[in-house]
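Q: What would the 3D arrangement of this be:
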Amino acid sequence: MPSCPKKNRKNASKSLASNTTHSNISIAKTFAPIVQKMYSLSEKLPLKALEYSCNEGIVIDLSPNGVILDSQTHTLIEEIALLLRPWRKGPFYIGELFIDTEWKSFIKWQLLAPFVDLAGKDVADIGCNNGYYLFEMAKHSPKSLVGFDPSGLYKTQFDFINLFLKQPITYELLGIQHLRDYQKRFDVIFCLGVLYHRSDPIVALKSLFMGLNDGGELILDTLIIDSTLEIALCPRLSYAKMPNVYFIPSVPTLKGWCDRVGFAEVEVLAISETSTNEQRKTEWIQGLSLESFLDPSDISKTIEGYPAPKRGYFRCKKAKKG
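A: Modelled structure (predicted):
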C-alpha cells in the first residue's frame, strides 16, 4: 500500500465520508418515489435470494420451488424497471420481463472471463454502472466485490436487481479518484470503458495502481487508435457525439502511461471493434446509440470523421514486493 501520513489519510477519509453522505442525501431525494415502490416490492418477494444464471445476460428465476408471484407483483416489477430507464448495461431477464439494454454486456464479459481468476480474491469494478459485471463476477467465487460509481440512477438500478439476487456486493457512490483514499486495497480491479472519459488519464491510472495490492492486476478496457507511434487522438469537441472523451491512445501510448505510473507488466488481451450488434438503440434507453454516432455514408468513421470505436483490453500487473 502506498505510504501516506496517518493525519492526511484520516482527513482524506473524513472528507470522503462527508462527500458520500451529501451524495446519498441528494440521491435519496431524487429517487425517493422509486425507492418507495422498491420497498413495496421487497415485501412481496421471497426472503431468500432467487436463483440466477448468466446466459447472454442475467436470467432471474421468479418462481423458485414452485412459488408463484401474483400479477400485481409482476406489474410492479415492470413499472419500476421502466421508471429506471435508461438501462445501459445488461441485458436482464426478470421472469418474463426482458430488459433489453443498450449494451450486450455479456459479449465483453465472455471475452474477458478466460483471462481472470477471481476465486478467493478482493475484487473491485470501477465505473460499475448497474452492477451487471459484478453479478457476473459473483459466479466466480470472489472473496469480496465492491463496485464504484457516483451515479444515483445506476445505484438504484443495482439495488432493484439486487432485490432479487441479494448478493453481498458493496456499491460505493464514488469515482476512480477516490481509490487513493479508500480504506481497502484489491487483488483485481476492473476498469471498463472509463479511462477515455478522464481528462488526465495518467492520474486516473495512478489511482487504479494505488488501489491494488502488491501483485494485483488491473483489467482495463479503453478506446484505442491504430498506430505504432506513441500518440493519442484528442477529439476537438466530441467523439461519437460524446463530449467527455479526452484522450484515445495508441497501444504503445497506453503501455507508456502504464509504465509511468509503475505497472511492471502490460499485456494486450484483445483488440476489437465495437459493432452495432453489441451497442444499439432499444426501447429501454430512450435515446440514441452507436448507429447514430457513426458517419451514415462510411461507418468506419464517427459522425465527426474520426476512426470508428475500437477497444483494447489489457492486463496490467503490479509487482510483488520482495
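
Q: so how far is Thr156 from Pro33?
A: Per C-beta to C-beta, to the nearest Å, Pro33 is found 11 Å from Thr156. (Each C-beta comes from the backbone N, C-alpha and C, glycine too.)

Q: Compare those two (neighbour count), which wins?
A: A count of neighbours by other C-beta atoms under 10 Å puts Thr156 above the other of Pro33 and Thr156, at 20 against 9.

Q: Now the more buried one: which helix or strand?
A: Using DSSP states H and E, Thr156 sits within helix 152-165.

Q: How about Glu79?
A: Counting by DSSP H and E, Glu79 is part of helix 71-83.

Q: Tell me which residues touch the residue located most distally from the centre of the chain, please.
A: Relative to the centre of the chain, the most outlying C-alpha is that of Gly66, 34.0 Å out, by C-alpha atoms, centre = their mean. Gly66 makes contact with no residue under the criterion C-beta atoms under 8 Å, 6 or more residues apart in numbering.

Q: try Pro252
A: Contacts of Pro252 (C-beta under 8 Å, 6+ apart): Ser227, Thr228, Leu229, Glu230.

Q: just checking, the second one touches Ser250?
A: Yes - with the criterion set as C-beta atoms under 8 Å, Thr228 and Ser250 qualify as a contacting pair; they are 7.2 Å apart.

Q: who has more neighbours, those two?
A: Neighbours per residue (other C-beta under 10 Å) separate Thr228 from Ser250, with Ser250 holding more: 19 against 8.

Q: any idea how far Ala119 is from the nearest residue to Lys281 once chain neighbours are set aside?
A: Of all residues not flanking Lys281 in the chain, Ser289 sits nearest, at 4.0 Å (C-beta to C-beta, 6 or more residues apart in numbering). Ser289 sits 35 Å away from Ala119, going by C-beta to C-beta.

Q: Can you list the residue ranges for helices in this protein?
A: Taking DSSP state H, the helices of the chain run over residues 6-42, 71-83, 105-112, 132-138, 152-165, 201-210, 251-261, 290-293.

Q: any idea which of those is most buried?
A: Stretch with highest mean neighbour count among these: helix 132-138 (a mean of 24; mean count of other C-beta atoms under 10 Å).

Q: In terms of pLDDT, where does the nearest residue to Pro46 once chain neighbours are set aside sit?
A: By the measure of C-beta to C-beta, 6+ apart, the closest residue to Pro46 outside its immediate chain neighbours is Val67, 6.0 Å from it. pLDDT recorded at Val67 is 76.

Q: is it true that Ser227 touches Ser250?
A: Yes - contact criterion C-beta under 8 Å: Ser227 and Ser250 qualify, at 4.0 Å.

Q: quick one: the residue nearest to the spatial centre of the chain from Leu229, how far?
A: With distances taken as C-alpha atoms, centre = their mean, Cys128 lies nearest the centre of the chain, 2.5 Å away. To Leu229, Cys128 is 33 Å away according to C-beta to C-beta.

Q: What of Ala81?
A: Applying C-beta to C-beta to Ala81 and Leu229 gives a distance of 46 Å.

Q: How about the contacts made by the closest residue in space to Gly211 that isn't next to it in sequence?
A: Among residues not flanking Gly211 along the chain, Leu179 sits closest, at 3.6 Å (C-beta to C-beta, 6+ apart). Shown in contact with Leu179 (C-beta under 8 Å, 6+ apart): Ala124, Ile126, Phe148, Ile189, Ser207, Leu208, Met210, Gly211.

Q: can you pull the pLDDT of Leu179?
A: Per the predicted model, pLDDT is 97 at Leu179.

Q: Understood, closing this out.
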